[in-house]
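Asks: got a predicted structure plus its sequence, pasted below:
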Amino acid sequence: MKTKVLIIGFVLLLVAGLVLGVVFMESESRLRVSAASSLSAVIEERLAEAGVLSEVIFKTAGSQEVARQIMAGEDVDVVALAHPDWMEELEKNGFVSSEQRHVFLSNRLVVIASKTLDPPVDNWEEFKEYSGRLATGNVKYVPAGIYARQALESAGLWEKMAENNVGFSNVTFVLRAVESGHIPLGIVYRSDLKRSDSVRRIFDIPLRHTPEITYEIAVMKDSPGSQKIFKLLNDQKAREIYLRHGFSLP
């Protein structure tokens with residue numbers, strides 16, 4: 001009886017090992033695509049529309065986190081980031097070359113408020129006199145926050161607004177803070193408006209104060225599969241998706 005139990009146990013272990021091996025091989029064979037959180041919806045939509053979403057392992061996080069994961073050894077085939085500084089970090093550390101980097105999207109900054117509350121300002125001129133709390137991404141490392149600070153500095157407003165600035169680790173938290181009315185105003189990308197039904201655009205930050213906002217994509221491993229993903233994310237159907245979600249084309 002004991003021998004029979006041992007044999008059954010061995011067989012079960014063998015089957016489990018084979019299953020895990022197959023899963024591991026399938027995981028190893030799938031392409032790995034990492035992108036900034038603000039690109040999550042559009043990239044997923046394009047890959048799904050093309051019928052290849054199941055062929056990739058798609059991960060999103062803040063651009064700084066994606067870059068740091070790669071520099072820490074994360075295996076990635078294609079990467080798309082929301083600020084050139086983080087792609088520059090990857091290049092400086094030998095993970096991508098200048099030839100691999102391609103600007104494929106741009107964006108605008110907008111001031112938002114909750115749909116359920118009256119905003120404290122209605123336009124840029126009134127905003128310049130605003131002294132309340134303002135939600136942004138963290139102005140040191142979150143791309144949307146870095147751009148927001150640069151815009152406010154360009155307009156001569158940062159020194160006044162910095163003390164009431166609440167910087168979040170990602171734009172999702174900015175949206176939630178403004179949705180709830182916890183913070184009256186926020187600055188996000190125009191494309192972020194598609195991510196919430198509870199906030200509304202009050203106005204765009206004037207172009208004269210807006211830094212150039214660009215998104216870069218790079219093929220980190222030159223293979224037919226990587227090139228296929230790169231082409232899908234840069235074709236006409238992808239551009240239509242980007243425009244529909246509020247992005248601009250460079």
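Replies: Happy to help now that I have it. Since this is a predicted model, take the numbers as computed values, not measurements.
Asks: show me what Ala80 is bridged to.
Replies: Beta bridges link Ala80 to Ala35, Ile217, judged by DSSP bridges.
Asks: is it true that it touches Ser38?
Replies: No: using CB atoms under 8 Å, Ala80 is not in contact with Ser38, being 9.8 Å away. No exception for glycine: its C-beta is placed from N, CA and C like everyone else's.
Asks: looking at the two, which is more packed in?
Replies: Ser38 (30 against 25; other CB atoms under 10 Å).
Asks: reduced to three states, what does Lys160 come out as?
Replies: helix (DSSP: H, G, I helix; E, B strand; the rest coil).
Asks: what's the burial count for it?
Replies: 13.
Asks: do the same with Phe95
Replies: Residues near Phe95, counting by other CB under 10 Å: 18.
Asks: my read is that it contacts Arg101, right?
Replies: No: counting by CB under 8 Å, Phe95 does not reach Arg101; the two are 10.9 Å apart.
Asks: now Leu207. Nearest residue, chain neighbours left out?
Replies: Arg108 (7.9 Å; CB to CB, 6 or more residues apart in numbering).
Asks: for Thr214, give me phi and psi.
Replies: Note on Thr214: backbone dihedrals following degrees, to the nearest 10 are phi -130, psi 150.
Asks: in which helix or strand would I find the nearest residue to it once chain neighbours are set aside?
Replies: Leaving aside its sequence neighbours, Thr214 sits nearest to Val103 (CB to CB, 6+ apart; 4.8 Å). In this assignment (DSSP states H and E), Val103 forms part of strand 101-106.
Asks: beyond that strand, next helix or strand please.
Replies: Assigned by DSSP H and E, the successor of strand 101-106 is strand 109-114.
Asks: can you list the strands that that following strand pairs with?
Replies: When DSSP bridges is applied, strand 109-114 pairs with strand 185-189 (antiparallel), strand 199-204 (antiparallel).
Asks: buried ones in the helix or strand just after that strand?
Replies: Per DSSP H and E, strand 109-114 leads on to helix 124-127 as the next helix or strand towards the C-terminus. Using 16 or more other CB atoms under 10 Å as the test for burial, helix 124-127 gives Phe127.
Asks: same question, stretch 212-229
Replies: 213-220, 225-226, 229.
Asks: next one: stretch 159-171
Replies: 161, 165, 167-168, 170-171.
Asks: I'd like the average pLDDT over that stretch.
Replies: Taken as a whole, stretch 159-171 has a mean pLDDT of 95.
Asks: stretch 109-129 too?
Replies: 97.
Asks: do the same with stretch 187-199
Replies: 94.
Asks: spit out the contact partners of Asp204.
Replies: When contacts are counted by CB atoms under 8 Å, 6 or more residues apart in numbering, Asp204 touches 108-111, 190.
Asks: scan those and report the most crowded one.
Replies: That'd be Leu109 among those, by other CB under 10 Å, with 24 neighbours.
Asks: so what's Val178 closest to, chain neighbours aside?
Replies: Nearest to Val178 is Gly186, by CB to CB, 6+ apart, at 4.2 Å.
Asks: how many other residues sit next to the one you found?
Replies: Residues near Gly186, counting by other CB under 10 Å: 30.
Asks: please save the CA atoms from stretch 129-145 in CSV.
Replies: Only the C-alpha atoms of stretch 129-145 are listed here, as CSV (Å, rounded to 0.1, in the frame of the first residue of the first chain):
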residue,chain,number,x,y,z
GLU,A,129,-4.3,84.1,-8.8
TYR,A,130,-5.1,80.7,-7.3
SER,A,131,-3.6,80.0,-3.9
GLY,A,132,-5.4,76.7,-3.0
ARG,A,133,-4.2,73.1,-3.1
LEU,A,134,-3.1,71.7,-6.5
ALA,A,135,-2.6,68.1,-7.3
THR,A,136,0.1,66.9,-9.7
GLY,A,137,2.3,64.0,-10.2
ASN,A,138,5.5,64.1,-8.0
VAL,A,139,7.4,67.0,-9.5
LYS,A,140,10.8,65.2,-9.1
TYR,A,141,10.2,61.9,-10.9
VAL,A,142,6.7,61.5,-12.3
PRO,A,143,6.7,62.8,-15.9
ALA,A,144,3.4,64.6,-15.7
GLY,A,145,4.5,66.2,-12.5
